[in-house]
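1. okay, here's the prediction I keep looking at, along with the sequence it came from:
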Amino acid sequence: MDLALSDHLLLGIDTGGTYTDAVLFSETAGVVARSKALTTRHDLSVGIAGAVDAVLDQAGASASAIGLVSLSTTLATNALVEGQGGRAGLVMIGFSPEDLKRDGLQDALGSDPVIFLPGGHNVHGGETLLDMTALDQALPQLAKEVSSFAVAGYFAVRNPAHEERVRDRIREISHLPVTCSHELSSKLGGPRRALTTLLNARLVSMIDRLIGACEGFLQSRGIDVPIMVVRGDGALISAAQARLRPIETILSGPAASLVGARHLTGLDNAVVSDIGGTTTDVAVLDQGRPRLDGDGAVVGGFRTMVEAVAMRTFGLGGDSEVRIDDRGLKVRIELGPRRLLPLSLAAFQHGETVLSVLERQLRSAHIGRHDGRFAVRTGLPDEMANGLQPQELALYERIGAVPVPLDSLLANTPRKATLDKLVGRGLVHICGFTPSDAMHVLGRQDQWSREAAQLGAQLMARSRDGSGQPIAQSAEDLAELIAARLTRQSAEAILTSCLAEDGAAIDPAVSLSIDRALKREPGIVGFSLALDRPLVGLGASAPVYYPAIAKMLGAESCIPPEAGVANAVGAVVGQVRAAVTIFVTTPDEGIFIVNGAGPSLRFFDEAQAFAEARDRARAAALTLAGENGAEEPAVILREDIVAPEVEGSRKLVEARFTATASGRPRMAH
């Protein structure tokens, strides 16, 4: 194709836990070039540069041909699934400590600090006096212990004034990023909004690093174009907005993969399953559209207030931890949810350092509990280690950029707990045997070190079951067991998602009937199951895993040629979409209060209040769509008016006016 005569090229980049993908896309010719590079956690721009330079070379195109860059990422999703993220301070305005027990907020908070301030508003926007004394006393010390703040006020969606005052005070004193709950959701439900805000605050530095890395690379190549980021509902937002609201990028990668799957396969009805290094994401395409989860995305066990595709995310991927349960007579293998750095990849990057340790451990007659395991820094900036306890800092300083074997690092059990805390903070990777290593042993993958995978498999195969027998006779036998386990766990994950869509309360992991159907066990009563639509397998390793998974599920297997870069394709073919909701309530007979997207206004005529709400919703949606990067967006208005008849007369309870503005992203011309 003659790129000199083509339309502007669109550059899609997907940064995952293991790989960074890049595609060049033309709106007339489709995918022009695609490439992969390892995601480089210590400096994300290195992985981005490797992938983007490769697609430009492949296409024979210059950087000046690019008119738009769009990012999708699984980094935020992975962080929440693995319980990682920066330490955040939570400020609750008008709430009590009892409110922490609702909606999983206490579990999400963990050991992060929380401050309660008097204040907040009522349902009509009326205020209770705000007192910031406790905040002023705690801030100087807190600013040294956290990387960001989350602020949640009582009924802040009706009046955000107190959240804004607290935000300004925190910024003035700490100079740290602050997220306010009203910026993320217009829904009522304070504790869940606080939970969403807390998770957002933890992700700020991670997404800021990603966007900064992308911007830095583009500047170095002289590419000056708009940068978009895929949101969890598949829509696009500007990079500036994603920096403020990174929580909206949870499920960004999965949402992009759904958009990409629809584009690449042309299928209107399909089950889409995307396997990455850390997670498997499953969703259903129905009549060409993914269903949105109106209750909010669930990630890492927490239900947020982020509108996203109805996607279920499982801690199962090519880099999942292989866990051996040897307590019974017959050994059980479980995968995930934690991601490890595969031994084959660690040796590919660090060579003899890893191989020599594995060989030493294999020569030993004694089976060590930490055989085949290493620790290595993820490469996060030093400031991300703020707030470490002395014992955590001491262990962290013993771990460097080169893998350290755990058998020399961990002298006692308390240190193992300390190491787990460093992993939870995202500061340290554990290296170990994974399904990706098993595929290297079996010759089905070959991009990294097969020798390290073979040694790791031999070490793990020496483990003994309850009867004292080795769990596998050879490295190949162990690898086959792990491949079979990944097929079965993947099938269960897909069935869990599909049965939930059907409204069937069946757990495939414990159902004996489903177990017999999946195993194709003979019997007087034969059990079988099948999907009513094709199974679309996505991800770099989809061709390796999904034919067997589809066969187990009795489904037609569909793996598009661009399956490995579907997320990056989805990143560039989406639309910008922005929604704003304005509320009208009646505190007293004949008084109408308009709240949202500006100061509260009082009216004495319902029609005037409704007209103001409609105008305000349309204007705010258009403004937000413009800020999100849309060019000439169109607006649709939806009205929900709750006004029952009470004793023969109409009584307005609440009216919601939601304007949605959408359009294609602005491009450099």
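-> Here it is on my side, so go on. Numbers count the residues shown, from 1 in each chain.

2. so which bits of the helix ranked longest in the chain are buried?
-> The longest helix of the chain (DSSP state H) is helix 190-220. Under the neighbour-count criterion of 16 or more other C-beta atoms under 10 Å, helix 190-220 has 190-211, 213-214, 217-218 buried. Heads up, the C-betas are built off the backbone N, CA and C, glycines and all.

3. just the mean pLDDT for that helix, thanks.
-> Averaging pLDDT along helix 190-220 yields 84.

4. ok, the most centrally placed residue in the chain to residue 133 distance?
-> The centre of the chain sits closest to residue 77, judged by C-alpha atoms, centre = their mean, with a distance of 1.5 Å. Residue 77 is 38 Å from residue 133, where distance means C-beta to C-beta, to the nearest Å.

5. got it, and residue 222?
-> 52 Å.

6. low pLDDT regions in the protein?
-> Scanning the chain for pLDDT under 70 picks out the ranges 1-7, 41, 81-85, 186, 294, 297-301, 328-329, 412-413, 667-669.

7. show me how this structure divides into domains.
-> The chain resolves into domains spanning 3-81+208-264+568-572, 88-202, 320-477, 575-663 when parsed by automatic domain parsing.

8. does the residue nearest to the centre of the chain count as helix, strand or coil?
-> Under DSSP: H, G, I helix; E, B strand; the rest coil, residue 77 falls in the helix class.

9. who's in contact with it?
-> Residues in contact with residue 77, defined by C-beta atoms under 8 Å, 6 or more residues apart in numbering, are 250, 251, 252, 253, 254, 279, 281, 299, 313.

10. so where do the helices sit in the stretch 551-669 of the chain?
-> Ranges of helices in the stretch 551-669 of the chain, per DSSP state H, counting those that start in this stretch, are 566-573, 606-627.

11. so for residue 330, which of those helices sits nearest?
-> Shortest separation from residue 330 across the helices of the stretch 551-669 of the chain is recorded for helix 566-573, at 38.1 Å, computed as C-beta to C-beta.

12. am I right that residue 70 falls within a strand?
-> Yes - under three-state DSSP, residue 70 sits within a strand.

13. how many neighbours does it have?
-> Per other C-beta atoms under 10 Å, the neighbour tally for residue 70 reads 28.

14. that one against residue 229, yeah?
-> Yes - at 7.3 Å, residue 70 and residue 229 qualify as touching, with contact defined as C-beta atoms under 8 Å.

15. next one: stretch 482-498 to chain centre, how far?
-> In terms of C-alpha atoms, centre = their mean, to the nearest Å, the centre of stretch 482-498 is set 20 Å apart from its chain centre.

16. so which residues of the stretch 151-300 of the chain form strands?
-> Using DSSP state E, counting those that start in this stretch, the strands found in the stretch 151-300 of the chain span residues 178-180, 227-230, 236-238, 270-275, 280-286, 289-290, 292-293, 298-299.

17. okay, the ones you listed in CSV with distance to residue 20 next?
-> Formatted as CSV, the strands of the stretch 151-300 of the chain follow (distance: least, C-beta to C-beta, whole Å):
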stretch, distance to residue 20
strand 178-180, 26
strand 227-230, 14
strand 236-238, 19
strand 270-275, 16
strand 280-286, 18
strand 289-290, 24
strand 292-293, 27
strand 298-299, 21
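
18. and residue 663, which of those strands is closest to it?
-> With respect to residue 663, and counting by C-beta to C-beta, the nearest of the strands of the stretch 151-300 of the chain is strand 236-238 at 9.9 Å.

19. hang on, the earlier thing: determine which of the helices of the stretch 551-669 of the chain approaches residue 318 most closely.
-> Smallest distance to residue 318 across those (C-beta to C-beta): 15.0 Å, for helix 566-573.

20. quick one, the closest one and strand 280-286 angle?
-> Per axes from the mean of the first three to the mean of the last three C-alpha atoms, to 10 degrees, the angle that helix 566-573 makes with strand 280-286 is 50 degrees.

21. same for helix 566-573, what does it pack against?
-> Here helix 566-573 touches strand 9-15, strand 19-26, strand 66-73, strand 227-230, helix 252-265, going by 3 or more C-beta pairs under 8 Å, 6 or more residues apart in numbering; DSSP states H and E.

22. need these in a markdown table with distance to residue 239, can you?
-> Listed next are the helices and strands packed on helix 566-573 as a markdown table, based on distance: least, C-beta to C-beta, whole Å:
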| stretch | distance to residue 239 |
| --- | --- |
| strand 9-15 | 12 |
| strand 19-26 | 16 |
| strand 66-73 | 7 |
| strand 227-230 | 4 |
| helix 252-265 | 12 |
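
23. which one, of the ones you listed, ends up nearest to residue 105?
-> Nearest of the helices and strands packed on helix 566-573 (C-beta to C-beta): helix 252-265, 23.7 Å.

24. what's the spacing between the closest one and its chain's center?
-> Distance, centroid of helix 252-265 to centroid of chain: 15 Å (C-alpha atoms, centre = their mean).

25. stretch 614-622 too?
-> On C-alpha atoms, centre = their mean, the centre of stretch 614-622 falls 30 Å from the chain's centre.

26. can you give me the buried ones in it?
-> Neighbour-count burial for stretch 614-622 flags 614, 616, 617, 618, 619, 620, 621, 622 (criterion: 16+ other C-beta under 10 Å).

27. picking up where we left off before, with residue 242 as the reference, name the closest of the helices and strands packed on helix 566-573.
-> strand 227-230 (3.9 Å).

28. which elements pack onto that closest one?
-> Right, strand 227-230 is packed against strand 66-73, helix 190-220, strand 236-238, helix 239-244, helix 252-265, helix 566-573 by 3+ C-beta pairs under 8 Å, 6+ apart.

29. who touches it?
-> Contacts with strand 227-230, where a contact means C-beta under 8 Å, 6+ apart, come from 68-73, 207, 211, 214-215, 218, 236-239, 241-242, 249, 252-253, 255-256, 259, 570-571, 574, 576, 629, 665.

30. try 6 Å this time
-> 69-72, 236-237, 239, 242, 249, 252, 255-256, 571, 629, 665 (C-beta atoms under 6 Å, 6 or more residues apart in numbering).

31. widest-spaced pair of these?
-> 69 and 255 (17.6 Å).

32. neighbour count for the two, which is higher?
-> residue 255 (31 against 28).

33. circling back: return a ChimeraX selection command for the buried portion of the contacts of strand 227-230.
-> Listed next is the ChimeraX selection for buried residues among those, using 16+ other C-beta under 10 Å:
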select :69,70,71,72,236,237,239,242,249,252,255,256,571,629,665
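
34. and the contacts of strand 227-230, which is closest to residue 643?
-> residue 237 (34.3 Å).

35. which ones are touching that closest one?
-> Counting by C-beta under 6 Å, 6+ apart, residue 237 has contacts 229, 231, 628.

36. list phi and psi for the last one.
-> Going back to what we said before, that points to residue 628. Backbone torsions for residue 628, taken as degrees, to the nearest 10, come to phi -80, psi 0.

37. how about it: what's its closest non-neighbour residue?
-> Nearest in space to residue 628, with sequence neighbours left out and distances taken as C-beta to C-beta, 6 or more residues apart in numbering, is residue 237 at 4.4 Å.

38. isn't there a helix covering residue 46?
-> Yes - counting by three-state DSSP, residue 46 is part of a helix.

39. residue 76 versus residue 205, what's the distance?
-> 11 Å.

40. show me what stretch 425-444 is in contact with.
-> Contacts for stretch 425-444 (C-beta under 6 Å, 6+ apart): 84, 318-319, 322, 340-344, 346, 372-376, 378, 380, 399, 403, 422, 445, 450, 453-454, 456-457, 460, 475, 479, 482-483, 486, 544.

41. what's the helix or strand for the residue nearest to residue 445 when sequence neighbours are not counted?
-> Using C-beta to C-beta, 6+ apart and skipping residues adjacent in sequence, the residue nearest residue 445 is residue 439, 4.0 Å away. If you go by DSSP states H and E, residue 439 is part of helix 435-441.
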